[in-house]
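In: take this sequence and fold it.
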Amino acid sequence: MTHAAHDPHAPHSSHTPHSHTPHASHDADAQHDQADMLDLDAEVLAEHIASITTWLPVKADPRRIVDLGCGTGAGTLALLTRFPQARVTAVDTSTSHLDRLREKAEAAGLADQVRTVQADLDGDWPDLGAPELIWASASMHHMADPDRTLRQVHDTLTPGGLFAVVELAGFPRFLPEDAPADRPGLEERCHAVIDRHHAAQVPHRGADWGGKLTAAGFTVEGERTVTVKLGPPHPEAVGRYALSSLTRMRGAIAEALSPEDLTALDQLLDTGSPHSVLRRADLTVRTERAVWAARRN
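Out: From the prediction side, this is the model:
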């Protein structure tokens, strides 16, 4: 699977490094930061995730669910809220993310309903049984060969089963267009740079998933776009969400920004600065999620 370091909002990550790897400490920190980002994403957007699970055109409540690229469990836990009698097999490349998912499932009293599987889905697939529902949120565009993965999903689902694909519109936006005062439009310029970065590194982002699903033998039964716009006012978690998201964006685009934009961005990320995003009352979470529900005939 291509490394999810290119997409901080993808609920899976690159292969977990071994302790003898020279960069293991750095990679472990990056995995921890990404896990925090995923947890904040789940907290801030919980209502929207729930709206997607409620919308799914299931014929009967599934008892066997697979969450592909589960990350720290946002989808897994939302699906168990929607389908409380189900059992979920949660698959991810990152053992640290799976560890955190198990902790959250235990805290929610759901440990007996969650099985975690560490696997790289670009390689040999593990035995996932015959689920009635497979969920893939922000993971399909990271596959080296998405068409192969779609065929594998089709063959894994029980006949009549449903496949839900959720794809993000990239990094969320937070700042007003005229912010910050000394560098208005900064966030849009950052997004333009990260979009070019993703076009090179994650070529399947923005693919025609409806067409790909049909080509893989599915019948697409539903498609929708979930538009997110939260605040102001907003809960305290939004400031931390903005800080985490913009910090991860900086890591990918710093060298491509002008010195003036980089300075302005660093002021927003400086938690001790009066200009920090943590101190802004005008933040608004703006993003979109596209969803497809496709059935194996």
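In: shaky segments in the protein?
Out: Residues of the chain that meet the criterion pLDDT under 70 lie in 1-32, 199-207.
In: please, where are all the strands along the stretch 51-200 of the chain?
Out: Assigned by DSSP state E, counting those that start in this stretch, the strands in the stretch 51-200 of the chain fall at 64-68, 87-92, 114-118, 133-137, 162-168.
In: please produce TSV containing the ones you listed, extended by mean neighbour count and distance to His154.
Out: Heads up, the C-betas are built off the backbone N, CA and C, glycines and all. Formatted as TSV, the strands of the stretch 51-200 of the chain follow (neighbours: other CB atoms under 10 Å; distance: least, CB to CB, whole Å):
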stretch	mean neighbour count	distance to His154
strand 64-68	27	13
strand 87-92	25	16
strand 114-118	19	19
strand 133-137	27	9
strand 162-168	24	8
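In: need those strands in a markdown table with distance to Ala293, can you?
Out: Shown next, in a markdown table, are the strands of the stretch 51-200 of the chain (distance: least, CB to CB, whole Å):
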| stretch | distance to Ala293 |
| --- | --- |
| strand 64-68 | 14 |
| strand 87-92 | 18 |
| strand 114-118 | 23 |
| strand 133-137 | 10 |
| strand 162-168 | 5 |
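In: now for those strands, which one comes closest to Ala42?
Out: Taking CB to CB, strand 133-137 is the member of those nearest to Ala42, at 10.3 Å.
In: for the residue sitting furthest away from the middle of the chain, which non-adjacent residue is spatially closest?
Out: Distance to the chain centre peaks in the chain at Asp182, reaching 32.0 Å (criterion: CA atoms, centre = their mean). Nearest residue to Asp182 in three dimensions, chain neighbours excluded: Ala264, at 6.2 Å (CB to CB, 6 or more residues apart in numbering).
In: sorry, back to before: how about the strands of the stretch 51-200 of the chain, which one is nearest Leu243?
Out: Leu243 sits nearest to strand 162-168 of all the strands of the stretch 51-200 of the chain, at 18.8 Å, using CB to CB.
In: tilt between the closest one and strand 64-68?
Out: Orientation of strand 162-168 against strand 64-68 (axes from the mean of the first three to the mean of the last three CA atoms, to 10 degrees) gives an angle of 30 degrees.
In: and Val285, how far from Asp124?
Out: Separation of Val285 from Asp124 (CB to CB, to the nearest Å): 38 Å.
In: more crowded one of these two?
Out: Neighbour totals were compared for Val285 and Asp124, and Val285 leads with 22 against 7 (other CB atoms under 10 Å).
In: that one contacts Val238, correct?
Out: Yes: using CB atoms under 8 Å, Val285 makes contact with Val238 at a distance of 5.9 Å.
In: overlap in contacts, the two.
Out: Val44, Phe174, Leu230, Gly231 (CB atoms under 8 Å, 6 or more residues apart in numbering).
In: and Cys70, how many residues sit next to it?
Out: Count around Cys70 with other CB under 10 Å applied: 31.
In: I'd say it and Arg100 touch.
Out: No: in this structure, Cys70 is not within contact of Arg100 by CB under 8 Å, at 10.4 Å.
In: where exactly do the helices run in the stretch 101-250 of the chain?
Out: Per DSSP state H, counting those that start in this stretch, the stretch 101-250 of the chain carries helices over the ranges 146-156, 186-201, 209-215, 236-253.
In: can you list the buried residues in the last one?
Out: In terms of neighbour count (16 or more other CB atoms under 10 Å), helix 236-253 has its buried residues at 238-250, 252-253.
In: and if you look at the first one?
Out: For helix 146-156, the neighbour count (16+ other CB under 10 Å) marks Pro146, Thr149, Leu150, Gln152, Val153, His154, Thr156 as buried.
In: tell me the angle that helix makes with strand 133-137.
Out: Inter-element angle recorded for helix 146-156 and strand 133-137: 160 degrees (by the same axes, to 10 degrees).
In: please work out which residues outside helix 146-156 touch it.
Out: With contact meaning CB under 8 Å, 6+ apart, helix 146-156 is reached by 66, 68, 121-122, 125, 128, 130-131, 134, 136, 140, 143, 163, 204, 207, 212-213, 215-218, 296.
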